[in-house]
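Asker: Need a 3D model of the sequence below.
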Amino acid sequence: MGVREEGAMLEFYVESEVRRRQFRECPIEEHLDGFAGWLRSAGYKVRPGQLLLRGAAHLGMWTASRGVRVERIGDGVLRAFARHVRGCACSHAFRGRDLYHWQGGHRFIEHLRAIGVVPPPAPAVERVAPVIADFGAWMRRHRGIQTSTLGNYLSVVREFVATVGDDAATYDAARVRAYILARANRARRSGAKLAANGVRMFLRYLVVRGDCAADLPAAVPRIAKWKLASLPRYLVADHIERLVAACDPTTAGGARDRAVILLCARLGLRAGDVRDLRLGDVAWSRGRLRVLGKGRCETWLPLPQEVGDAMSQYLERFRPAIDDDHVFLRLHAPIGPLPSSGPISKLVRRAIDRAGIAPPSRGAHQLRHSAATALLRQGASLDVIGALLRHRSVESTAHYAKVDVVRLRAIAQPWPDGGGTSC
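Answerer: Have a look, this model is predicted:
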């Protein structure tokens, strides 16, 4: 960005010539034009941008009075500045005790780190046993595990090692089972299954290293859970249409939410799949969509016209033009990719409230179930449904067969009229 354009960025937020002169006389004035440009590209409107610029200037005045150079500002300086703001007694034009003073300083340092003026913060040093760190690397390299799942496994393994010790040569079936049973007694079934799976994978890794007996992973007890015991939670077709209609495609939020809901409800995408979609994953000319799912497995799915139109509406009219290739972005500053899958479930819940329906659950995953059950009722085979949902096991897809009541009635056997004894 040229000097003239950067100056225009500061003028966008600061109309007063007197106020601009005050900014120009600030010790960090050489970085304020770029920071103003960053604020505008991140979607900050005039008043919030003004406040954050004041906070950045306040930080510059405070650090200069203490002889701290800009490139030496780190997290420790920011913490000290936050304490200063709470009792600020400065006399300069940027003084103040409001929260935006600290936020402006924080955002300013974020910007300087992004352009390389301030070095990145030192990574937090977590004391992890070398065998646990190696296990995490092995899982990423050889199992293609999702980061969130690996984090859960590592938490279990750290507790397991702290309980039974880090000498794998001393592990035996009794100690392994004792840990799993103790964990199961203080956790829900899902937590107990996570513990069992995490320890089992860790022991398999130790077997590969030759650190424990080859049959030790089999000693991990399996947590009882009847397969296919529950029914999928899904929305009927009419409720799906009401959910889609509850998103106003003429607004930025409505257009984004409508495209997200259609991707989940028509293609059965998980919330994480939608969050991770990139602009390059959409092959518009071929009408296809690339999804990188669990285990880094790449799949190309057909892009229905309705879904493509909704995505195009959002991308062409409302998606901010920022230096990030995620398809779906935050609506409010700072504009950027969705931080997790949580916002997608939240937007589904908001649409449910607007539509005035009473679903069996309120998360985004029910839309995936809805896509599968809708296909089943339209006559699609379980193989087709499994391919769309990218199931690795046919048993996962067979879960949906139970919702097709019409076909189940055709194979159901009548209760015998007589004979035998009652239970």
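Asker: Dump stretch 293-312 to CSV, keeping only the CA atoms.
Answerer: C-alpha atoms of stretch 293-312 as CSV (Å, rounded to 0.1, in the frame of the first residue of the first chain):
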residue,chain,number,x,y,z
GLY,A,293,-12.7,-34.7,6.1
LYS,A,294,-11.6,-37.0,8.9
GLY,A,295,-8.1,-38.5,8.4
ARG,A,296,-7.4,-35.9,5.8
CYS,A,297,-9.5,-37.9,3.3
GLU,A,298,-10.3,-35.8,0.2
THR,A,299,-13.7,-36.2,-1.4
TRP,A,300,-15.4,-34.4,-4.3
LEU,A,301,-19.1,-34.0,-3.9
PRO,A,302,-21.7,-32.8,-6.4
LEU,A,303,-22.7,-29.1,-5.9
PRO,A,304,-26.5,-28.9,-6.3
GLN,A,305,-27.8,-25.8,-8.0
GLU,A,306,-29.6,-24.5,-4.9
VAL,A,307,-26.5,-24.8,-2.8
GLY,A,308,-24.3,-23.2,-5.5
ASP,A,309,-26.7,-20.3,-5.9
ALA,A,310,-26.7,-19.6,-2.1
MET,A,311,-22.9,-19.7,-2.0
SER,A,312,-22.6,-17.5,-5.0
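Asker: Which positions within that stretch qualify as buried?
Answerer: Residues of stretch 293-312 classed as buried: 293, 301, 303, 307-308, 310-311 (neighbour count, 16 or more other CB atoms under 10 Å). The way it works is simple: take the backbone N, C-alpha and C, and place the C-beta from them, glycine included.
Asker: which of these sit farthest apart?
Answerer: Within the buried residues of stretch 293-312, Gly293 and Ala310 form the most distant pair, 21.3 Å apart (CB to CB).
Asker: correct me, but Ile115 touches Gly37?
Answerer: No: look at Ile115 against Gly37 with CB atoms under 8 Å: they stay out of range, at 10.6 Å.
Asker: Neighbour count: these two, which is higher?
Answerer: Gly37 (19 against 11; other CB atoms under 10 Å).
Asker: That one is in what secondary structure piece?
Answerer: Mapping Gly37 onto the secondary structure by DSSP states H and E places it in helix 29-41.
Asker: Show me the contact partners of that helix.
Answerer: Contact partners of helix 29-41, identified using CB atoms under 8 Å, 6 or more residues apart in numbering, comprise 1, 3, 5-7, 9-10, 12-13, 23, 26, 49, 52-53, 56-57, 60, 70, 107-108, 111-112, 114-115, 117, 322-323, 333, 335.
Asker: next structured bit after it?
Answerer: Once the chain leaves helix 29-41, the following helix or strand, as judged by DSSP H and E, is helix 46-65.
Asker: quick one: that next one to helix 29-41, angle?
Answerer: Taking axes from the mean of the first three to the mean of the last three CA atoms, to 10 degrees, helix 46-65 and helix 29-41 form an angle of 150 degrees between their directions.
Asker: Could you tell me how far helix 46-65 lies from the centre of the chain?
Answerer: In terms of CA atoms, centre = their mean, to the nearest Å, the centre of helix 46-65 is set 31 Å apart from its chain centre.
Asker: for it, packing partners?
Answerer: Taking 3 or more CB pairs under 8 Å, 6 or more residues apart in numbering; DSSP states H and E as the contact definition, the neighbouring helices and strands of helix 46-65 are helix 3-13, helix 17-24, helix 29-41, helix 75-86, helix 99-114.
Asker: on that earlier part again, so of the buried residues of stretch 293-312, which ones are in strands?
Answerer: Assignment to strands by DSSP state E places the following of the buried residues of stretch 293-312 there: Leu301.
Asker: Could I get the average pLDDT for the helix holding Gly37?
Answerer: Taken as a whole, helix 29-41 has a mean pLDDT of 93.
Asker: His289 belongs to a strand, doesn't it?
Answerer: If you look again at residue 289, you'll see it is Leu, not His. Yes: if the criterion is DSSP: H, G, I helix; E, B strand; the rest coil, then Leu289 is within a strand.
Asker: Count the neighbours of it for me.
Answerer: The burial count for Leu289: 24, using other CB under 10 Å.
Asker: Who are the contact partners of it?
Answerer: Contact criterion CB under 8 Å, 6+ apart gives 267, 277, 281-283, 300-303 as the residues in contact with Leu289.
Asker: do the same with Arg319
Answerer: Applying CB under 8 Å, 6+ apart to Arg319 gives the contacts 256, 327, 329.
Asker: Kindly recompute the last result at 6 Å.
Answerer: Listed by CB atoms under 6 Å, 6 or more residues apart in numbering, the contact set of Arg319 is empty.
Asker: quick one: secondary structure of it?
Answerer: Following three-state DSSP, Arg319 is assigned to coil.
Asker: Tell me the confidence at the closest residue in space to Gly37 that isn't next to it in sequence?
Answerer: On the basis of CB to CB, 6 or more residues apart in numbering, the spatially nearest residue to Gly37 that is not a chain neighbour turns out to be Met9, at 3.9 Å. Met9 is assigned 81 on the pLDDT scale.
Asker: One more: Glu6?
Answerer: The per-residue pLDDT reported for Glu6 equals 43.
Asker: coming back round to it: with pLDDT and distance to Arg158 added, can I get the buried residues of stretch 293-312 in CSV?
Answerer: Converted to CSV, the buried residues of stretch 293-312 look like this (pLDDT from 0 to 100; distance: CB to CB, whole Å):
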residue, pLDDT, distance to Arg158
Gly293, 72, 27
Leu301, 91, 38
Leu303, 94, 42
Val307, 96, 42
Gly308, 96, 45
Ala310, 97, 43
Met311, 97, 41
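Asker: Out of the buried residues of stretch 293-312, flag the one nearest to Glu17.
Answerer: Top of the list for closeness to Glu17, among the buried residues of stretch 293-312 and by CB to CB, is Met311 at 44.7 Å.
Asker: got a list of what that closest one touches?
Answerer: Under the criterion of CB under 6 Å, 6+ apart, the contact partners of Met311 comprise Ala259.
Asker: State the distance from it to Trp284.
Answerer: 9 Å (CB to CB, to the nearest Å).
Asker: Which neighbours do these two have in common?
Answerer: Where contact means CB under 6 Å, 6+ apart, no residue is in contact with each of Met311 and Trp284.
Asker: Can you tell me how far the residue most central in space within the chain is from Leu279?
Answerer: For the chain, the residue lying nearest the average C-alpha position, counting by CA atoms, centre = their mean, turns out to be Ser340 (1.7 Å). In this structure, Ser340 lies at 20 Å from Leu279, with CB to CB as the measure.
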